[in-house]
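1. One predicted model, sequence on top.
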Amino acid sequence: MSEQKDEIVEELEAEKLDEQADVPAEDEVAETEEDVVEEAVEEVDELTLVKQQLEEEQNKAIRLRADFENYKRRVQLDKEADYKYRAQSVLSDILPVLDNFERALAVETTSEEAASLAKGVEMVYRSLLDAVKKEGLEQIEAEGVPFDPNFHQAVMQEKDDTKDSGIVLQELQKGYKLKDRILRPSMVKVNE
């Protein structure tokens, strides 16, 4: 029996040794916990980094989208302005022609032939005026209105006691605008 007892004791001691072998020592547990904590911190840092990169990319995408919308809006405004003022260069070139027609019509006619020629010139002038008005050309009002440097160019000043100061006394050359853009200001004589 004593042998049996010795065998049982040996088995129990062997089991204890096996259990102790399975359970890590305190140092090993501490190292394992530190490794786990370090891995968790690294994962959190990596996750934070990825989140920051994602946020940066989202911000870039938002800015890019806004830039594109601004670009589209600018192109649309440019296109509208081009359409609105498409006739500007042609009308600017026609202004001296209108001036010459007005000078020709201002000449006094004495003969019947000259009068009929003047009538024909006036008809052509009226047709030309109608055509340019359809494109948006307008005369700038000058005589009798207050001087406005946005619409008038003062080339002379004169004193007239019958009118207020700053009133346009005479229009020396007609001014024109295309819709809301000045093509040529009126050259005027202003009351001092």
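-> Sure, I can see it. In this text, all values refer to a predicted model and were calculated from it rather than measured experimentally.
2. hey, let's count contacts and neighbours off CA atoms from now on
-> OK.
3. what residue lies at the spatial centre of the protein?
-> Centroid check for the chain by C-alpha atoms, centre = their mean gives Arg74 as the closest residue, at 4.5 Å.
4. Could you report the separation of that one from Ile62?
-> 18 Å (C-alpha to C-alpha, to the nearest Å).
5. mind listing the helices in the chain by residue range?
-> All helices of the chain, identified by DSSP state H, fall at 2-22, 26-84, 88-106, 112-134.
6. between those, which gets nearest to Phe151?
-> Closest of those to Phe151 is helix 88-106, at 15.7 Å (criterion: C-alpha to C-alpha).
7. contacts for the closest one?
-> Residues from elsewhere that reach helix 88-106 (C-alpha atoms under 8 Å, 6 or more residues apart in numbering): 118, 121-122, 125, 129, 132, 137, 174, 178, 183.
8. neighbour-wise, which of those leads?
-> Leu137 (24 neighbours; other C-alpha atoms under 10 Å).
9. which residues touch that one?
-> Contacts of Leu137 (C-alpha under 8 Å, 6+ apart): 91, 176-179.
10. quick check, nearest of the residues you listed to Val36?
-> Nearest to Val36 among the contacts of Leu137 is Lys179, at 76.4 Å by C-alpha to C-alpha.
11. Would you mind confirming that the closest one makes contact with Glu138?
-> Yes - between Lys179 and Glu138 a contact is recorded at 7.3 Å, counting by C-alpha atoms under 8 Å.
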